[in-house]
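# quick one, what's the 3D model for this:
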Amino acid sequence: MVRYVYLAELRKIAFRPLSLLLLLVLGLGVLYTAWVAQDWSSGQTLLFKNALVAAEHRQECAGLKGAELRKCLTHPSYVPMAESDLRQQLANDRAVAPTQTVPGAFGWSAQTYASLPGFAIALLLGTALVAGEWERRTATSLLIAQPDLRRVLLAKAMALWTVLAAHMIVCGLVVALANVTYFQSHDKLYVPTPHGLALAEWVARQGGVGLVAMAVASVVVTLIAARSRTRALTFIAGGLLVLLANMGASVKPVWAWLPGGILADAMDFQTVFPLWNHWWGAASGSGMPLWLRAVPTVALLAMAGLWLMRRVDSRDRVA
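Numbers count the residues shown, from 1 in each chain. Next comes the predicted model:
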């Protein structure tokens, strides 16, 4: 029975105008951020190469004096760049390089859906399409056909997660197509693009963590919607949870143990200029094993889910 409810909910969510509109908006956003990152890094590559030429040129000027020294130092190839800037440029290019590959495009999309934009999409869909059913009392007919509320909520959460995963894949396809048709030929990076096992591991990590993050968001939004049964309360409560999850990023030792910091470390989020595809705190850089720091987060999510489920059950019995 859960399967039929799931398929029915999936049809309701997937082809609603709101769902398609959000897919269009985020698809364009993911494509734009990929273009900005690769175009900016490509432009900085020229400065980087000029800086290397300048460093060699400064060595040639070492033995000169007077007018000859001034002439040598004012050579057109002299483009000063601090060593820290050079290191930052290399770090930026390494972060952007996987995006220029076809598999890496899906990792780039996963980073968007595992951060604030993806959580906002989940909240909007859950608020409008899940909480809205209780607010309009159209969920009554579904509960008559399937009285087990837990199975109904499971089907709704699975349908919401499926739609979010499909959105993520579609956005990855858009970036992959742009890579093949434009980015790879027009935006040359200083560092080579990764390939083979290293690229596969990066994509698997980004995609896997992204899918888990969307699953958690789908379950939480569904439970909040079932508890509040109003769109306004669902949106406010969900929005506050997202804001709370992103607090504490400035205090790295604390951030490393918070749910938002666990997500940032799992995705290896970085706050470098061209990486606009994710809006979230940066990775903590903690030396503690990630699985150990994730234990409190998993326990907290489990307890919160059980508490919300009990509240939903008690309200359903009262209703």
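
# number of residues surrounding the residue lying closest to W280 once chain neighbours are set aside?
Nearest residue to W280, sequence neighbours excluded (Cβ to Cβ, 6 or more residues apart in numbering): S115, at 4.0 Å. Where you see a C-beta, it was placed from the backbone N, CA and C, and this is true even at glycine. Using other Cβ atoms under 10 Å, S115 is surrounded by 24 other residues.

# okay, how far is it across stretch 180-198, tip to tip?
20 Å (Cα to Cα, to the nearest Å).

# what are the contacting residues of that stretch?
Here stretch 180-198 makes contact (Cβ atoms under 8 Å, 6 or more residues apart in numbering) with 34-35, 38-39, 41-42, 45, 48-49, 89-90, 93-94, 96-98, 100-102, 104, 199, 202.

# which among those count as buried?
Neighbour counting with 16 or more other Cβ atoms under 10 Å marks 34-35, 38, 41-42, 45, 48, 89, 93-94, 96-98, 100-102, 104, 199, 202 as buried within the contacts of stretch 180-198.

# can you pull out the low-pLDDT segments for the stretch 201-319 of the chain?
Within the stretch 201-319 of the chain, the ranges that satisfy pLDDT under 70 run 272-275, 313-319.

# could you pull out the helices for it?
Listed in chain order, the helices found in the stretch 201-319 of the chain under DSSP state H, counting those that start in this stretch are 231-245, 252-255, 259-267, 290-318.

# pLDDT wise, what is M81 at?
At M81, the pLDDT value in this model is 53.

# give the contact list for E9.
A155, K156, M158, A159, L160.

# typed the wrong thing, it's I262
Contacts of I262 (Cβ under 8 Å, 6+ apart): A256, L290, R293, A294, T297.

# give me the buried subset of the residues you listed.
Looks like the contacts of I262 have A256, R293, A294, T297 buried, using 16+ other Cβ under 10 Å.

# in CSV: the residues you listed, plus distance to W276.
Converted to CSV, the buried ones among the contacts of I262 look like this (distance: Cβ to Cβ, whole Å):
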residue, distance to W276
A256, 24
R293, 27
A294, 27
T297, 26
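
# nearest to F119 among those?
Taking Cβ to Cβ as the measure, F119 sits nearest to T297 out of those, at 15.4 Å.

# so that closest one versus W291, what's the distance?
Look at T297 and W291: by Cβ to Cβ, to the nearest Å, they are 11 Å apart.

# against Y4, how distant is S286?
45 Å.

# looking at those two, which is more packed in?
Taking neighbours as other Cβ under 10 Å, S286 and Y4 compare with S286 leading, 17 against 11.

# list the contacts of the more buried one.
Taking Cβ under 8 Å, 6+ apart, one finds K252, P253, A256, D265, R293 in contact with S286.

# any idea which of these is the one closest to V170?
Once Cβ to Cβ is applied, the member of the contacts of S286 that ends up nearest V170 is D265, at 27.3 Å.

# okay, strands next: where are they in this protein?
Read by DSSP state E, the chain holds no strands at all.

# what separates stretch 90-98 from the chain centre, distance-wise?
17 Å (Cα atoms, centre = their mean, to the nearest Å).

# how many other residues sit next to G196?
By other Cβ under 10 Å, the burial measure for G196, its neighbour count, is 7.

# so what pLDDT did it get?
G196 is given a pLDDT of 83.

# so it versus W202, what's the distance?
In terms of Cβ to Cβ, G196 sits 11 Å off from W202.

# go on, A14?
29 Å.

# next: W276.
Applying Cβ to Cβ, the value for W276 to W202 is 19 Å.

# about what we covered before: which of the contacts of I262 lies closest to V25?
After measuring the contacts of I262 against V25 - Cβ to Cβ - the closest member comes out as T297, at 29.6 Å.

# so that closest one sits against A264, correct?
No: applying Cβ atoms under 8 Å, one finds T297 not in contact with A264, separated by 11.8 Å.

# residues near L116, how many?
Going by other Cβ under 10 Å, the residues that sit close to L116 add up to 15.
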